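Enquirer: How does the following fold in three dimensions:
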Amino acid sequence: MSEIVSALWPVFALILLGYLAKRSDFPGEDFWVQAEKATYFILFPVLLVYKLSLADMSAVGLEEIGLAVVLLVLLGSVITFLIRPVVSDDAAGFTSLYQGSVRFNTYVGLAASAALFGSQGVAVAAVIMALMIPLLNLCCVLVFSFFTHKASGVVPVVKAIITNPLIIGSLTGLLLNQTGLGLPAVIEPVAELLSRMALPLGLLAVGAGLSFKVLLQSRKELVASSVIKLLVMPVFAWGIAYALGMDQLSSQLILLYAALPTATSAYILARQLGGDAPMMAAIITGQTLISMISMPFVLVLML
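Expert: I've put the predicted structure just below:
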């Protein structure tokens, strides 16, 4: 328990520091907008390319990870639809409930992977992300299309997936790794320095996006999505890993990603596609705060 708490504490401490800095108006509103853009479009992709290109992928079961990701998303989707009549009879509200139940926070996930499992953990986490991000984006847009009728078809979804910088970074790193090319010697030290900036800046940006005011809204949906995302999904992940006989590191990373709070980018999707954006903001903030307690306990019980 103490080892896991010690590893995760710096992750959540940076989130809290980001919150305090934003509320203190330091170093200014514009900084946080640009910091998140820089992290998402440059620093995180560089981190993924750097870690994946150098990782030992010989022991990583790609087929098992892929099947585990599909089963996890499927089970999470099914249980969310099953509780819909009890929790949310509003179409726009259900889209926020769905996103809150199945999506995951990339920044927290990569930082926790590095803290708990080192460089190899980041590499396996990147493989999980490369599979999970396209699948979840497709599922979420389909849900919006059905419930709000504001999603504009499959083509924009495919375009968003293939231009996603995290997907591009993961696939580039895997390509360099599997072809044996690796990073050029002149680029590798630069990539290493940039990758060191990604996790702390990303976590500070997560904290800057939190808002305690929205927690008074959407309490029923917040509770339901938090129970599914932070408790039920890890149980599903544990069962899937056990049933598939996954190796220890892959099992641990699947469980970790299942236990993550929902993605901050879910708010943008809710705002763009006719979802309940205030409810989504409440779920993001609530789950991020709850996960500071739930993640250590879940990982201690199931790892």
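Enquirer: residue ranges with poor pLDDT in the stretch 101-250 of the chain?
Expert: Flagging of the stretch 101-250 of the chain using pLDDT under 70 yields the residue ranges 149-157, 160, 217-218.
Enquirer: please redo it, this time with the cut-off set to 50
Expert: Along the stretch 101-250 of the chain, no part satisfies pLDDT under 50.
Enquirer: Residue 170 against residue 130, yeah?
Expert: Yes. With contact defined as C-beta atoms under 8 Å, residue 170 and residue 130 form a contacting pair (3.7 Å). No exception for glycine: its C-beta is placed from N, CA and C like everyone else's.
Enquirer: Next, work out how far apart residue 284 and residue 211 are.
Expert: 9 Å (C-beta to C-beta, to the nearest Å).
Enquirer: Comparing those two, which shows the higher neighbour count?
Expert: It is residue 284, of residue 284 and residue 211, that has more neighbours when counted by other C-beta atoms under 10 Å, with 30 against 15.
Enquirer: Helix, strand or coil: sort out the more buried one for me.
Expert: Following DSSP: H, G, I helix; E, B strand; the rest coil, we place residue 284 in the helix state.
Enquirer: Contact partners for it?
Expert: By C-beta atoms under 8 Å, 6 or more residues apart in numbering, the contact list for residue 284 reads 100, 209, 210, 261, 262, 263, 264, 266, 267.
Enquirer: go with 6 Å
Expert: 262, 264 (C-beta atoms under 6 Å, 6 or more residues apart in numbering).
Enquirer: what are the ranges of the helices in this protein?
Expert: Listed in chain order, the helices of the chain (DSSP state H) span 2-23, 29-38, 44-54, 62-87, 91-102, 106-147, 154-162, 165-179, 188-208, 219-227, 233-244, 248-258, 266-272, 277-302.
Enquirer: Could you check the fourth one and say which residues are buried?
Expert: The one in question is helix 62-87. Buried residues in helix 62-87, defined by neighbour count with 16 or more other C-beta atoms under 10 Å: 64-69, 71-73, 75-77, 79-80, 83-84, 87.
Enquirer: cool, stretch 123-136 as well?
Expert: 123-136.
Enquirer: okay, these in CSV with distance to residue 203 next?
Expert: Below are these laid out as CSV (distance: C-beta to C-beta, whole Å):
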residue, distance to residue 203
123, 20
124, 20
125, 15
126, 17
127, 22
128, 19
129, 16
130, 21
131, 23
132, 20
133, 19
134, 24
135, 25
136, 21
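Enquirer: ok, the residues you listed vs residue 274, which is closest?
Expert: Among the buried residues of stretch 123-136, residue 136 lies closest to residue 274 (C-beta to C-beta), at 18.4 Å.
Enquirer: Grab the nearest non-local neighbour of that closest one.
Expert: Spatial nearest neighbour of residue 136, excluding adjacent residues (C-beta to C-beta, 6 or more residues apart in numbering): residue 103 at 5.6 Å.
Enquirer: where's that neighbour relative to residue 55, distance?
Expert: Distance from residue 103 to residue 55, by C-beta to C-beta: 25 Å.
Enquirer: now do residue 205
Expert: From residue 205 to residue 55 the distance is 25 Å (C-beta to C-beta).
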